[in-house]
Structures are given as structure tokens and as C-alpha cells.
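> I need the structure of the sequence given here:
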Amino acid sequence: MRAPRSIIHAAGFETAIAAGGQGIRACRGTAGTEVKSLSLSVRRADAGDMDPEMTADGHHIIVDGRRWRATDPSIPDSFRQELVDELMSARRAVKAGESDARRRVNDAKTALGERGAPWWDERSGADFDERIAAAVRALVRKRQGSSICPSDVARTVGAHSWRSIMDDVRRVTARLADEGQVIVTQKGEPVRIADARGPVRIVRGPDL
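Sure thing, here's the model as predicted:
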């Protein structure tokens, strides 16, 4: 699996390529504990030099002898980039001392498959519901002032069987709406997703 030219990304570890070719790091343990920051010098000349070493099963990358859970490779590129952008923004918010920054980091990383339920396991159960919820929250934060579709969430976390989890996405979204974290709309008007027929949109709620 080849990392994008601008970013090497895995559990707790992102390396953005700066103009001088230096990778600037940010890392955090998968259990939420701080770990030693990593710094990686990345050559710009050949994208092939930027492939991280991976375990044989493709579940982790190896950096300086340590394993970090890899991003779910089934996430479509456009949604993966949105989540990475939200994660990097949340990292900046941590440095700025914003109160919700670490929750944002956790949501983005859970949505990416780097925390919570392993992406290579069956996509069901309470842990997978939390990944769905994290994806909803991360995407509506990223699209502040705009909206997402339930299918955006399903495509992000559902791999090739995303259509089969649409009911799960709607169920989890209904819970988030009851908690005030999101608002579900249809034709611009708030609705209960359980009662709505036809396409709906999801926007950030007052309590997120």
C-alpha cells in the first residue's frame, strides 16, 4: 500500500511533507497515552522511497521498530483525505489548547480505523457503531457550514459492503440527533430520520 505523496499516515503517526522535504510528526498511543514524538526525514525525489514498511498482513506500519495500526485501506480517497484534514486540524487545536481538540483527534482516528474496532474484523456490534458515530462527527466537523449524506458515512466505514450498513448508519445517526450532536434535514427542514422517507442530509448539531 503506497502512502500519498504528501502524507504518510497510520495510527498515531502522521508525516506531512514540508517544502524542504522534512517530515513533521505528531503521535499518540492507540490507548490514548502519549508516546515519544517521531520525526522522519523524507526524500522528495522518489515516491517509492516514501512507502512505509508494513507487516505481512497489511494491518500495521513499522516506524523505528514500532508498530502503528494502518489506516483502513478500503476508505475511498476523497473521504480519507477529509478525515486526514480533520485530524491535522484537530492536532493544531490540541496545540492551541482548545477544549474539544482531543475528542476531535479521537473521532478522526477512529473513523480512519486507527483506533477502536479493527477494520479487518467483522463490521458490526457496539464497537463498529462507535466507528460509525465517529465518522459522522468527524465529517460534519470537516464540512462545517455544509452537510453530509448518510451514504458518505457508509462508504467511509463500510468497505465494499457499504450498502448493507445503511440501516446501521441511520440508526446511529438517530441517536446522535437525539443527543443534539447532529441535525438531520430533508429539503432544508429538520426531520426525524426514523420517520423520513427519501434522501436526508446531516449537519452539525448544537452540542457537538
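
> for the rest of this, base every contact and every neighbour count on C-alpha atoms.
Will do.

> for this protein, name the helix or strand with the lowest mean pLDDT.
strand 40-41 (a mean of 28; mean pLDDT, DSSP states H and E).

> which SSE is immediately downstream of that strand?
strand 53-54 (DSSP states H and E).

> quick one: low-confidence parts of this protein?
For the chain, the stretches with pLDDT under 70 are 1-50.

> quick one, strands of it?
7-10, 13-17, 22-26, 40-41, 53-54, 60-63, 66-69, 182-186, 189-190, 201-204 (DSSP state E).

> tell me which residues of stretch 65-80 are tucked away?
R67, W68, R69, A70, T71, D72, P73, S74, I75, F79, R80 (16 or more other CA atoms under 10 Å).

> contacts for stretch 83-93, please.
26, 101-102, 104-105, 108-109, 111-112, 138-139, 141-142 (CA atoms under 8 Å, 6 or more residues apart in numbering).

> do that again at 6 Å, thanks
A101, R104, V105, A108, K142 (CA atoms under 6 Å, 6 or more residues apart in numbering).

> with stretch 65-82 instead?
A10, A11, H59, H60, I61, L112, G113, E114, W119, T156, A159.

> just the ones in helices from the contacts of stretch 83-93, please.
A101, R104, V105, A108, K142 (DSSP state H).

> my guess is the first one contacts D107. True?
No - no contact is recorded between A101 and D107 when judged using CA atoms under 6 Å, the distance being 9.9 Å.

> by neighbours, which of the contacts of stretch 65-82 wins?
L112 (32 neighbours; other CA atoms under 10 Å).

> coming back round to it: neighbour-wise, which of A101 and D107 wins?
D107 (29 against 19).

> identify the residues contacting the more buried one.
A134, A138.

> just the C-alphas of stretch 125-138, formatted as CSV.
What follows is stretch 125-138, C-alpha atoms only, in CSV (Å, rounded to 0.1, in the frame of the first residue of the first chain):
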residue,chain,number,x,y,z
GLY,A,125,-21.6,-4.6,17.0
ALA,A,126,-21.2,-1.8,19.5
ASP,A,127,-17.6,-1.0,18.6
PHE,A,128,-18.5,-0.6,15.0
ASP,A,129,-21.4,1.6,15.9
GLU,A,130,-18.8,3.9,17.6
ARG,A,131,-16.8,4.0,14.4
ILE,A,132,-19.9,5.0,12.5
ALA,A,133,-20.6,7.7,15.1
ALA,A,134,-17.0,8.9,15.0
ALA,A,135,-17.2,9.1,11.2
VAL,A,136,-20.4,11.1,11.3
ARG,A,137,-18.9,13.6,13.8
ALA,A,138,-15.6,13.9,12.0
